[in-house]
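Trainee: Sharing a sequence plus its predicted fold:
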Amino acid sequence: MIGVLAPLPVLLPLLGAAGALLVARHPTFQRTLSVLVLTAVLAVSVVLLLVADAEGAGAVSVGGWPVPLGVVLVVDRLSALMLVVASTVALGVLVFAVGQGAADGSEETPLSIFHPTFLVLVAGVSNAFLAGDLFNLYVGFEILLMASYVLLTLGGTAPRIRGGVTYIVVSLTSSLLFLAAIGLVYAATGTVNMAQLAVRLGELPEGTQVLLQSMLLVAFGIKAAVFPLSAWLPDSYPTAPAPVTAVFAGLLTKVGVYALIRTQTLLFPGGALDDVLIWAALATMVVGILGAVAQSDLRRMLSFTLVSHIGYMVFGIALGTAAGLAGAVFYVAHHIAIQTTLFLVAGLVERQGGTTSVNRLGGLARRSPLLAVLFFVPAMNLAGIPPLSGFIGKLGLLEAGVAQGSTAAYTLVAGGVVTSLLTLLAVARVWTRAFWRSPSQAPAEETAAAAAADATSRRRPVDEAPESSGTPGSGDGDGDGRPRTAFSDAWRRHTAVATASEPDLPPAAGAVRALRPLPRTMVGATAALVTLTVALTGLAGPLYGLADRASTDLYDRSPYVSSVFGEEEVP
Amino acid sequence: MTPTIVLPVMIGGLYAAGVYLLLDRSLTRVLLGFLLLGNATNLLLLSTGGPAGLAPILGYSDAEEINDPLPQALVLTAIVITFGISAFVLALIHRSWRLARNEAVGTDEEDRRVAARRDTDADELDPDDLAPEDRAAMHADSLRADLEELADDVDVPAGRGPS
């Protein structure tokens, strides 16, 4: 069963991407195709999870090469669970993006490349989750990173190029570090197959082990945005279009966390660097959330909470106990859903209010009660208000921390509680300003009106993203035929800087946009994901049980190894 | 086998030069640095295959004398990936140049703004605490001032600016 199904989460999106490119001229067909493909991936993932949970881990060697020579795909409880959550949110985001594309009426570029790239991204994420050897994990990372470079710089506006460059350079560095680590691992052990490495790495001298482990941890720490390797994230994520930021926030960092879990359990189970990870987790939580409290832009605030809550997952990994790991696995599943949803809601807020700056938003609760509910529920969930799943995840982690009982663990527990409270503060500030205060208290209206007066002159030289150009005349760049001079270039730079924090919408658009109802597909997709996050609370019992079994497997390690090599002796 | 000193020295040198170039603000240098780092990593991977041997082709050479084929396969994959990414970064540099006549990494304005805010509690909406684009009235003033400054620089009458 697993042998037939395991390659499909990688294959289907890749074939779908090829098909979507072929039909790029028929947007309706293209959208239907990509939604169908992701639905199929979700169905396959669910079956894989059920099989893996019932029968234990399974592996398939691609191309029929005997292990350990060929490429192996391994499905165990952890990777199957990750696949299910990832494909669910990917599907939700895709439907949201379809709604956005349809509403904005941009049926040509760059949405015609959005769908194929998005599918390639999903293929890369699936490949990383399923990879049974280190090099295939690297290839999975590269596939998803390459797709993410394209998605992040979609439309090629100045702020996106600026944010994209930071992201790309940092990702390249971490990839090269990972590749160098693979080379050293191969030199030391003569294999890159993870099941075989699980046996052979333990035979190496301790110093070599620590060197290899720290190289892998740094490489994955950059991808997962663990402090102090997290500065790139709030810098680059907020500039992208809403669906792109949402899927990045949900999936990409979690792939890094997944790789961290594999490193710490399968490859280097001794817990040699757990102390370092504990302090990194604490710093990630606290520094991240302090950054979030300081922000006045909704998307940047969410990016900082993303960094901060990565700390919770590292917290669970660093404890080095099965209970801690179970908490981390549950938290990953919860956080993928919740963070994606919140970024989608931020996209809706931007549509409704014309901006994501909480200083200028106001009265959204009255203007759109549905939007208010869609923000409130996941926001409270993120902060960990009982009985939502965020509370359950945090409670599990805190209990595991207390059970572990060391001084460092107690410090982490305290840090976790403080972070939770500060998260509540950060989202409550957004709630009171953007949603609860009356519109008259917000400077949004007058700002919008004043901005409308000089909007044409202010905005002209800035290239607008084609998929968000809701206002006429904002996307023409140098369309007025003025010769390019030093003066116009300086002017261009000035306006580009002035609008850097709001890449998508001219301020004036708020007044126009507010009159339009939110597109149903976008609201529907967001509402479905909000329902999912609430359902995670109802399903927390079975899910936590699954996370428990997954983490027991991870510490046992023999299910993974024997799924690849059978009952034979590992060569 | 006799250990070779040439490869480690070359790898180290390439890494050093690559990191140095990567830290530059100019995107072209960043790309060059990335290429050097990629080559250094490829050499590192290649050297993990052990001492040099015959080409690993079945029926062409003895199993004892061939080189380890796996690192070579890894290097080939890595080269292809590096090539694709370099092409993308080049396109990015070109776009950046077309947008701003400048290919340096830009500053994150929102970041600077948050860092420069004196008052940590932004609940009161003091116009000075707001971003330039958030101040409706003041925005025009600051733009006018900038315009005059620019006009001095490039010898264009201030009144002729885009208004």
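Mentor: Looks like it came in fine.
Trainee: count of neighbours near residue A:62?
Mentor: 14 (other Cβ atoms under 10 Å in any protein chain shown). The C-beta positions use only the backbone N, C-alpha and C, and glycine is treated the same way.
Trainee: from memory it sits against residue A:74, does it?
Mentor: No - counting by Cβ atoms under 8 Å, residue A:62 stays clear of residue A:74, with 11.3 Å between them.
Trainee: how about low-confidence regions in chain B?
Mentor: B:1-3, B:102-106, B:117-163 (pLDDT under 70).
Trainee: Hmm, residue A:74 is touching residue A:564, no?
Mentor: Yes - contact criterion Cβ under 8 Å: residue A:74 and residue A:564 qualify, at 6.3 Å.
Trainee: shared neighbours, these two?
Mentor: Between them, residue A:74 and residue A:564 share these contacting residues under Cβ atoms under 8 Å, 6 or more residues apart in numbering or on different chains: A:59, A:132, A:195.
Trainee: out of those residues, who's near chain B?
Mentor: The subset of those lying close to chain B, counting by Cβ under 8 Å from any Cβ of the partner chain, is empty.
Trainee: Tell me the secondary structure of the closest residue to residue A:325 other than its chain neighbours, please.
Mentor: Leaving out its chain neighbours, the residue that sits closest to residue A:325 by Cβ to Cβ, 6 or more residues apart in numbering or on different chains is residue A:551, at 3.7 Å. Recorded secondary structure, residue A:551: helix (DSSP: H, G, I helix; E, B strand; the rest coil).
Trainee: ok, how many other residues are close to residue A:551?
Mentor: Residue A:551 - counted by other Cβ under 10 Å - has 27 other residues nearby.
Trainee: Of residue A:74 and residue A:564, give the one with the bigger neighbour count.
Mentor: residue A:74 (28 against 24).
Trainee: And the helix or strand harbouring residue B:89, what does it pack against?
Mentor: Using DSSP states H and E, residue B:89 sits in helix B:69-100. Packing partners of helix B:69-100 (3 or more Cβ pairs under 8 Å, 6 or more residues apart in numbering or on different chains; DSSP states H and E): helix A:134-152, helix A:158-189, helix A:486-498, helix B:27-47.
Trainee: buried stuff in it?
Mentor: In terms of neighbour count (16 or more other Cβ atoms under 10 Å in any protein chain shown), helix B:69-100 has its buried residues at B:70-71, B:74-75, B:77-78, B:81-82, B:85-86, B:88-89, B:92-93, B:95-96, B:99-100.
Trainee: what's near enough to touch residue 40?
Mentor: Going with chain A. A:8, A:12.
Trainee: let's do chain B instead
Mentor: Contacts of residue B:40 (Cβ under 8 Å, 6+ apart): B:10-11, B:14-15, B:18.
Trainee: just to revisit the earlier point, angle of the helix holding residue B:89 against helix A:158-189?
Mentor: Angle between the axes of helix B:69-100 and helix A:158-189 is 170 degrees (criterion: axes from the mean of the first three to the mean of the last three Cα atoms, to 10 degrees).
Trainee: Residue A:219 against residue A:181, yeah?
Mentor: Yes - using Cβ under 8 Å, residue A:219 is in contact with residue A:181, at 6.0 Å.
Trainee: Pick out whichever of the two has more residues nearby.
Mentor: Neighbour count, other Cβ under 10 Å: between residue A:219 and residue A:181, residue A:219 has more, with 27 against 24.
Trainee: ok, and the closest non-adjacent residue to the more buried one?
Mentor: Of all residues beyond its chain neighbours, the one nearest residue A:219 is residue A:178 (3.9 Å), with distances taken as Cβ to Cβ, 6+ apart.
Trainee: again, but for residue A:230
Mentor: residue A:307 (4.7 Å).
Trainee: Give me the neighbour count for the one you found.
Mentor: 26.
Trainee: so what's the closest residue to residue A:540 other than its chain neighbours up against?
Mentor: Spatially, and ignoring its direct neighbours in sequence, residue A:540 is nearest to residue A:392 (4.8 Å; Cβ to Cβ, 6+ apart). Residues in contact with residue A:392 (Cβ under 8 Å, 6+ apart) are A:330, A:334, A:537, A:540, A:544.
Trainee: The residues you listed in strands, which ones?
Mentor: With DSSP state E as the criterion, strands contain none of those.
Trainee: Just the buried residues from the residues you listed, in PyMOL please.
Mentor: Buried residues among those (16+ other Cβ under 10 Å), as a PyMOL selection:
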select buried, chain A and resi 330+334+537+540+544
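Trainee: tell me which of the contacts of residue A:392 is nearest to residue A:26?
Mentor: residue A:334 (38.0 Å; Cβ to Cβ).
Trainee: hmm, back to that, could you say which helix or strand contains the residue nearest to residue A:540?
Mentor: Applying DSSP H and E, one finds residue A:392 within helix A:389-404.
Trainee: avg pLDDT for that helix?
Mentor: On average, the pLDDT along helix A:389-404 is 90.
Trainee: which of the residues in it are buried?
Mentor: In terms of neighbour count (16+ other Cβ under 10 Å), helix A:389-404 has its buried residues at A:389-394, A:396-398, A:400-401, A:404.
Trainee: what's the spacing between the nearest residue to residue A:356 once chain neighbours are set aside and residue A:369?
Mentor: Of all residues not flanking residue A:356 in the chain, residue A:298 sits nearest, at 4.1 Å (Cβ to Cβ, 6+ apart). Remark: distance between residue A:298 and residue A:369 (Cβ to Cβ, to the nearest Å) = 18 Å.
Trainee: Looking at the two, which one has more neighbours?
Mentor: residue A:298 (27 against 11).
Trainee: Please tell me how far stretch A:130-137 is from the chain's geometric centre.
Mentor: 20 Å (Cα atoms, centre = their mean, to the nearest Å).
Trainee: Could you do stretch A:537-545 as well?
Mentor: On Cα atoms, centre = their mean, the centre of stretch A:537-545 falls 22 Å from that of its chain.
Trainee: try stretch A:294-308
Mentor: Stretch A:294-308 has its C-alpha centroid displaced from the chain centroid by 14 Å (Cα atoms, centre = their mean).
Trainee: swap in stretch A:188-203?
Mentor: 30 Å.
Trainee: Alpha carbons of that stretch, as PDB, please.
Mentor: Provided in PDB are the C-alpha atoms of stretch A:188-203 (Å, rounded to 0.1, in the frame of the first residue of the first chain):
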ATOM      1  CA  ALA A 188      32.800  10.100   7.800                       C
ATOM      2  CA  THR A 189      30.300   7.200   7.300                       C
ATOM      3  CA  GLY A 190      30.200   6.300   3.600                       C
ATOM      4  CA  THR A 191      26.500   6.700   3.300                       C
ATOM      5  CA  VAL A 192      23.700   9.300   3.100                       C
ATOM      6  CA  ASN A 193      20.800   6.900   3.800                       C
ATOM      7  CA  MET A 194      19.300   8.100   7.000                       C
ATOM      8  CA  ALA A 195      18.400   4.600   8.300                       C
ATOM      9  CA  GLN A 196      21.900   3.500   7.800                       C
ATOM     10  CA  LEU A 197      23.300   6.700   9.200                       C
ATOM     11  CA  ALA A 198      21.200   6.100  12.400                       C
ATOM     12  CA  VAL A 199      23.400   3.100  13.000                       C
ATOM     13  CA  ARG A 200      26.800   4.300  11.600                       C
ATOM     14  CA  LEU A 201      26.900   7.900  13.100                       C
ATOM     15  CA  GLY A 202      26.800   6.400  16.600                       C
ATOM     16  CA  GLU A 203      30.100   4.600  15.900                       C
END
